[in-house]
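S.K.: Sequence first, then the predicted structure:
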Amino acid sequence: MDQIAAFLSGPLALPALLVTATIVLWATAWLPEYLTSLLFFTVAMVLHVAPADAVFAGFLSSAFWLVLSGFVLGAAIRKVGLADRAARLLTAHLSQSWPRMVGGVVLLTYALALVMPSNMGRIALLMPVVMAVADRAGLAPGSRGRIGLVLAVGFGTFMLSVSILPANVPNLVMTGAAESAYGLHFGYLPYLTLHTPILGVLKGVVLAACIWLMFPATLRGGATAEPATPLSAAEIRLAVLLTATLALWVTDTWHGISPAWIGLGAACLCLLPRIGFLSGEEFAAATNIRTCIYVAGILGLAAVVSRSGLGDAIGRAVLPLLPLDPARPSLSFAALVALTVILNFVITANGVPALFTPLAKTLADSAGLPLASVLMVQVIGYGTPLMPYQASPLVVAMEMGKAPPRDGLRLCLVMALITFIVLVPLDYAWFRLLSWLG
């Protein structure tokens, strides 16, 4: 009690109260998410909780601009007809049954993650196509089946991509922090071998099964392949632009240009007079400023936690409570997963590796596990959010597809329960089989 009283009366009390209130409002949806973000910005600045560059770090983040450009690209894909054209091809193959459609969409999210490094970019490309598939399959806006497909895009894009090293932001933060702190380098294939069987393939099967059961739907029958029609001039120009954008995204490790700036450049081309595809009014209609503010709030909260020292304080406070025991590696493994889940509540998925990685050496010594293994365990935790706000791609997908927050929360909780009961033990066995636990 004395430690709690000292904490609440110390310099971290105000950041802790603000962060807690913001998370509670996001989790309970008592206020709209964008309004909670605006209140967070206001209170943080009025009360000098953190410097402005930390509070508004979300607007400086590449993720924010990738979200904005994603809305523009998605609107252009829908307007020129490419979304409907792709949907016609997919519907004929996926509309035989609801399980096949759900499984096909989940598989598509994972396949695209192998070649495209940006979660937000993948959602921007897939969502308009999948929504067009839903229209052609008779899944009306607001229907359970349509919501299920929206969640398949969002959850498949984020959850499964953690098994592919360059496919999402938390992975890159983790590998960068591990390299700078410990000089460790993780190879693409060893990482893929360690995480793909459980966090990629099995989790994808679980996700598809959960969506199939939780969001039942009846598809409009009789969908067949339609005769191909010639591409219009606008479709050809946009297809060339998207191909170039995808090529630059895939090769970002070679040229060094962030996927966010590539996407923003493509969005600018879509908005240019004469050669573009969207007018100013269409840009305003396509850009969901509510989602952009929400994402900026999530990223700003993570920056405030880090800059204020609250994250370090939480790490130091939690560390003595963990049941780390070299004689019981399975218990230590579970405790490390639990730690990442706890951190995910406070600093969200993008911030977890930035805080967890500096603690990894101490955790490894206490648990008697190899340092590289401890660093890899965190992937399980930050790849399994308990609430949608913990992973901004989920928020963006749900907003783009107009999926109710309560449905995203339900799926988060069900996936987390199955992951912790079934997949974490399997992951532990796979780590041991590959000799990652010593």
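M.R.: Now that the structure is in, tell me what you want to look at.
S.K.: excluding its backbone neighbours, what's nearest residue 101?
M.R.: residue 94 (4.3 Å; Cβ to Cβ, 6 or more residues apart in numbering). The C-beta positions use only the backbone N, C-alpha and C, and glycine is treated the same way.
S.K.: got the contact list for the one you found?
M.R.: 100-101, 104-105, 133, 137 (Cβ atoms under 8 Å, 6 or more residues apart in numbering).
S.K.: Quickly note the distance from it to residue 229.
M.R.: To residue 229, residue 94 is 20 Å away according to Cβ to Cβ, to the nearest Å.
S.K.: Equivalent analysis for residue 121, please.
M.R.: 28 Å.
S.K.: Mind pulling up the pLDDT for residue 26?
M.R.: Looking at residue 26, its pLDDT reads 79.
S.K.: Mind giving me the packing neighbours of the longest helix along the chain?
M.R.: If you go by DSSP state H, the chain has its longest helix at helix 329-367. Packed against helix 329-367, as judged by 3 or more Cβ pairs under 8 Å, 6 or more residues apart in numbering; DSSP states H and E, are the following elements: helix 13-28, helix 169-182, helix 289-308, helix 310-318, helix 371-382, helix 392-401, helix 424-433.
S.K.: Using CSV, please lay out the ones you listed together with mean neighbour count and distance to residue 249.
M.R.: Converted to CSV, the helices and strands packed on helix 329-367 look like this (neighbours: other Cβ atoms under 10 Å; distance: least, Cβ to Cβ, whole Å):
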stretch, mean neighbour count, distance to residue 249
helix 13-28, 18, 29
helix 169-182, 18, 14
helix 289-308, 23, 19
helix 310-318, 17, 30
helix 371-382, 24, 22
helix 392-401, 26, 15
helix 424-433, 17, 29
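S.K.: In terms of mean pLDDT, which of those ranks lowest?
M.R.: Looking at the helices and strands packed on helix 329-367, the bottom one is helix 310-318 with a mean of 73.
S.K.: before we move on, the earlier item: PyMOL command to pick out the buried ones of the contacts of residue 94?
M.R.: In PyMOL syntax, the buried subset of the contacts of residue 94 is picked out as below (16 or more other Cβ atoms under 10 Å):
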select buried, resi 101+104+105+133+137
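S.K.: Which of the contacts of residue 94 fall in helices?
M.R.: Those of the contacts of residue 94 lying in helices (DSSP H): 100-101, 104-105, 133.
S.K.: Let me have the residues you listed in JSON lines, extended by pLDDT and distance to residue 378.
M.R.: Compiled in JSON lines, the ones in helices among the contacts of residue 94 are given as follows (pLDDT from 0 to 100; distance: Cβ to Cβ, whole Å):
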{"residue": "100", "pLDDT": "92", "distance to residue 378": "34"}
{"residue": "101", "pLDDT": "92", "distance to residue 378": "33"}
{"residue": "104", "pLDDT": "92", "distance to residue 378": "31"}
{"residue": "105", "pLDDT": "94", "distance to residue 378": "28"}
{"residue": "133", "pLDDT": "87", "distance to residue 378": "35"}
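S.K.: Specify which member of those is nearest to residue 391.
M.R.: residue 105 (18.1 Å; Cβ to Cβ).
S.K.: Please list all residues in contact with the closest one.
M.R.: 94, 130, 133, 149, 152-153, 156.
S.K.: on that earlier part again, looking at the helices and strands packed on helix 329-367, which is nearest to residue 90?
M.R.: Checked against Cβ to Cβ, the stretch from the helices and strands packed on helix 329-367 lying closest is helix 392-401, at 16.0 Å.
S.K.: other SSEs contacting the helix or strand following that closest one?
M.R.: Downstream of helix 392-401, the next assigned helix or strand under DSSP states H and E is helix 405-418. When contacts are defined as 3+ Cβ pairs under 8 Å, 6+ apart, helix 405-418 sits against helix 144-159, helix 203-214, helix 392-401.
S.K.: low-confidence ranges in the stretch 51-200 of the chain?
M.R.: 63, 115-118, 180 (pLDDT under 70).
S.K.: Give me the neighbour count for residue 411.
M.R.: For residue 411, the count of nearby residues is 24 (other Cβ atoms under 10 Å).
S.K.: likewise residue 366?
M.R.: 18.
S.K.: show me what contacts it?
M.R.: Contacts of residue 366 (Cβ under 8 Å, 6+ apart): 319, 322, 324.
S.K.: I'd like to know which of these are buried.
M.R.: For the contacts of residue 366, a burial check counting by 16+ other Cβ under 10 Å picks out 322, 324.
S.K.: Does residue 305 touch residue 352 like I think?
M.R.: No: using Cβ atoms under 8 Å, residue 305 is not in contact with residue 352, being 10.8 Å away.
S.K.: show me the contacts for residue 37.
M.R.: 22, 293-294, 296-298, 300.
S.K.: Quick check: closest non-adjacent residue to it.
M.R.: residue 297 (2.7 Å).
S.K.: and that neighbour, what does it touch?
M.R.: By Cβ under 8 Å, 6+ apart, the residues touching residue 297 are 22, 33-34, 36-38, 40-41, 58.
S.K.: By neighbour count, which of these wins?
M.R.: By neighbour count, taken as other Cβ under 10 Å, the most surrounded of these turns out to be residue 37 (27 neighbours).
S.K.: how close does that residue get to residue 86?
M.R.: 33 Å.
S.K.: If we go by neighbour counts, what in whichever strand or helix holds residue 108 is buried?
M.R.: Residue 108 belongs to helix 98-113 when assigned by DSSP H and E. Within helix 98-113, the residues that count as buried by 16+ other Cβ under 10 Å are 98, 101-106, 108-110, 112-113.
S.K.: Stretch 407-422 now?
M.R.: Buried residues in stretch 407-422 (16+ other Cβ under 10 Å): 407-409, 411-412, 414-415, 418-420.
S.K.: Just give me the closest of the residues you listed to residue 284.
M.R.: residue 408 (26.1 Å).
S.K.: My guess is that closest one contacts residue 394. True?
M.R.: Yes: Residue 408 lies in contact with residue 394 (Cβ under 8 Å); the separation is 6.2 Å.
S.K.: anything in contact with each of those two?
M.R.: 154, 388.
S.K.: ok so, going back, distance of the residue nearest to residue 101 from residue 107?
M.R.: 10 Å.
S.K.: likewise residue 198?
M.R.: In terms of Cβ to Cβ, residue 198 sits 17 Å off from residue 107.
S.K.: for residue 170, what are its contacts?
M.R.: Contacts here follow Cβ under 8 Å, 6+ apart; on that basis residue 170 touches 162, 349-350, 352-353, 379, 382-383.
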